[in-house]
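Undergrad: coords please:
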Amino acid sequence: MRLPELNPDIHRSRDGSITLHTWILIGGSALFMAFIAWIVCGPSGLVWVAVLGTFGLWSISRISPKMVLGLYRARPLTPEELPQVQRIIRELAKRADLPSIPHLYHVPSRMPNAFAVGSRDDSALAITEGLLRSMNLRQIAGILAHEISHIRSGDLRVMALADVLSRLTSVMSMMGLLGLPAFLGAGIEIPWLGLVVLISAPTIGGLLQLGLSRSREYDADLEGAALTGDPEGLASALQSLERRQANLWKNLLPGGRFPDSSLLRTHPRTKDRIRRLLSLSPSGAPQIVVAPERPNLSLHPASAGTAMSR
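TA: Sure thing, here's the model as predicted:
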């Protein structure tokens, strides 16, 4: 499959608005964490969260992509396996100006999914068996471009930082709540507002993290569309994934729907993502055209034990 040429109409300049929004959320999370630490331990609390935060980020940076992928039983693919997909990744990595081409891994799961791990210098893309068998190459290209955009933008590190801040906020909140009996036993009056803040701190920290995740997903959609020059391809993939997810809940739940509040989503609503992608097309809102070409699923015998029968 040959990727379309880059479309200058959708190759938006990075005007800093998304970056500003990201760092506002990160800064808000950090300030809120510092506020909780100050309430619980005073100035020493700020020192503790700084030390623990630095250690947490250092630990995450030391985790190699192979260790993460091992948790999913992912297997690295050779250049001869899935050659069409490998060519797409090489072209996308070139367009994204990555210093190295992400390694491709195969995950033996029926769930259609793909994800990226690592950094710009050492990254990997994992693609499940379910995605390979349910998507055509045009859709796969859109999904891979989305994941490569996460790598190029450093989203994996940003979300790791947000996760560390959220966890530290929860830890400090728990320490404060566990220390309440001692304060009450000593006759120290606890302001009700401080108690409310401590109880709600993990929820507030989690919502800030979810807001950041949704922001980065929107950005990766637009950057991915710029990489492929084909916003309809990713929109078609998102539409297919949404339909399969709806069918899954229909089979699992009596009502057929999962009551998922938009506030608690890690990703924006699919219909909103599709609308934004289709608005990038020169014609405004074209019909999603699904190409019939599908990937060649020939894998080496070493993967026969994990690959599912067609």
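Undergrad: where are the low-confidence patches of the protein?
TA: The chain contains residues with pLDDT under 70 at 1-19, 180-192, 245-267, 281-310.
Undergrad: and if we set it to 50?
TA: For the chain, the stretches with pLDDT under 50 are 7-15, 249, 253, 256, 258, 261-264, 284-292, 301-310.
Undergrad: For it, which segments count as strands?
TA: Per DSSP state E, the chain has strands spanning 75-76, 103-107, 114-118, 123-128. These are given in chain order.
Undergrad: And the ones you listed: which comes nearest residue 240?
TA: strand 114-118 (12.8 Å; C-beta to C-beta). C-betas here are computed from N, CA, C, even on glycine.
Undergrad: which other helices and strands contact the closest one?
TA: The criterion is 3 or more C-beta pairs under 8 Å, 6 or more residues apart in numbering; DSSP states H and E, and the helices and strands that strand 114-118 contacts are helix 65-70, strand 123-128, helix 137-153, helix 155-178.
Undergrad: a markdown table for the ones you listed, including distance to residue 110?
TA: Formatted as a markdown table, the helices and strands packed on strand 114-118 follow (distance: least, C-beta to C-beta, whole Å):
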| stretch | distance to residue 110 |
| --- | --- |
| helix 65-70 | 18 |
| strand 123-128 | 8 |
| helix 137-153 | 17 |
| helix 155-178 | 25 |
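Undergrad: Quick one: the ones you listed as a markdown table, columns for mean neighbour count too.
TA: As requested, those are exported to a markdown table (neighbours: other C-beta atoms under 10 Å):
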| stretch | mean neighbour count |
| --- | --- |
| helix 65-70 | 16 |
| strand 123-128 | 24 |
| helix 137-153 | 25 |
| helix 155-178 | 20 |
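Undergrad: closest one to residue 277 among the ones you listed?
TA: Ranking the helices and strands packed on strand 114-118 by distance to residue 277, with C-beta to C-beta as the measure, places helix 137-153 first at 8.7 Å.
Undergrad: Buried residues, stretch 96-109. List them.
TA: Buried residues in stretch 96-109, defined by neighbour count with 16 or more other C-beta atoms under 10 Å: 96, 98, 101, 102, 103, 104, 105, 106, 107, 108, 109.
Undergrad: could I get the strands of the chain as a markdown table with distance to residue 85?
TA: Converted to a markdown table, the strands of the chain look like this (distance: least, C-beta to C-beta, whole Å):
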| stretch | distance to residue 85 |
| --- | --- |
| strand 75-76 | 13 |
| strand 103-107 | 7 |
| strand 114-118 | 10 |
| strand 123-128 | 7 |
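Undergrad: Of the ones you listed, which is nearest residue 211?
TA: Distances from residue 211 to each of these were compared by C-beta to C-beta, and the smallest falls on strand 114-118, at 20.2 Å.
Undergrad: now that closest one, how far from the chain's geometric center?
TA: Averaging C-alpha positions (C-alpha atoms, centre = their mean, to the nearest Å) puts strand 114-118 8 Å from its chain's average.
Undergrad: Show residues contacting it.
TA: With C-beta atoms under 8 Å, 6 or more residues apart in numbering as the test, strand 114-118 has contacts from 64-65, 68-69, 102, 123-128, 131, 143-144, 147-148, 150-151, 156.
Undergrad: List the neighbouring strands of it plus their orientation.
TA: On the basis of DSSP bridges, the sheet neighbours of strand 114-118 come out as strand 123-128 (antiparallel).
Undergrad: Quick check: which of the strands of the chain is nearest to residue 163?
TA: Each of these has some distance to residue 163 by C-beta to C-beta; the shortest is strand 114-118, at 13.9 Å.
Undergrad: now the angle from the closest one to strand 103-107?
TA: Comparing the axes of strand 114-118 and strand 103-107 via axes from the mean of the first three to the mean of the last three C-alpha atoms, to 10 degrees yields an angle of 130 degrees.
Undergrad: oh, and call the first residue 48 from now on, that's how I've got it
TA: With the count now opening at 48, the last piece we talked about shows up as strand 161-165.
Undergrad: And strand 161-165, what's buried?
TA: Within strand 161-165, the residues that count as buried by 16+ other C-beta under 10 Å are 161, 162, 163, 164, 165.
Undergrad: could the residues you listed go into JSON lines alongside distance to residue 75?
TA: JSON lines is the format used below for the buried residues of strand 161-165 (distance: C-beta to C-beta, whole Å):
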{"residue": "161", "distance to residue 75": "30"}
{"residue": "162", "distance to residue 75": "26"}
{"residue": "163", "distance to residue 75": "26"}
{"residue": "164", "distance to residue 75": "26"}
{"residue": "165", "distance to residue 75": "27"}
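Undergrad: Show me which of the residues you listed is closest to residue 67.
TA: Closest to residue 67 out of the buried residues of strand 161-165 is residue 163 (23.6 Å), distances taken as C-beta to C-beta.
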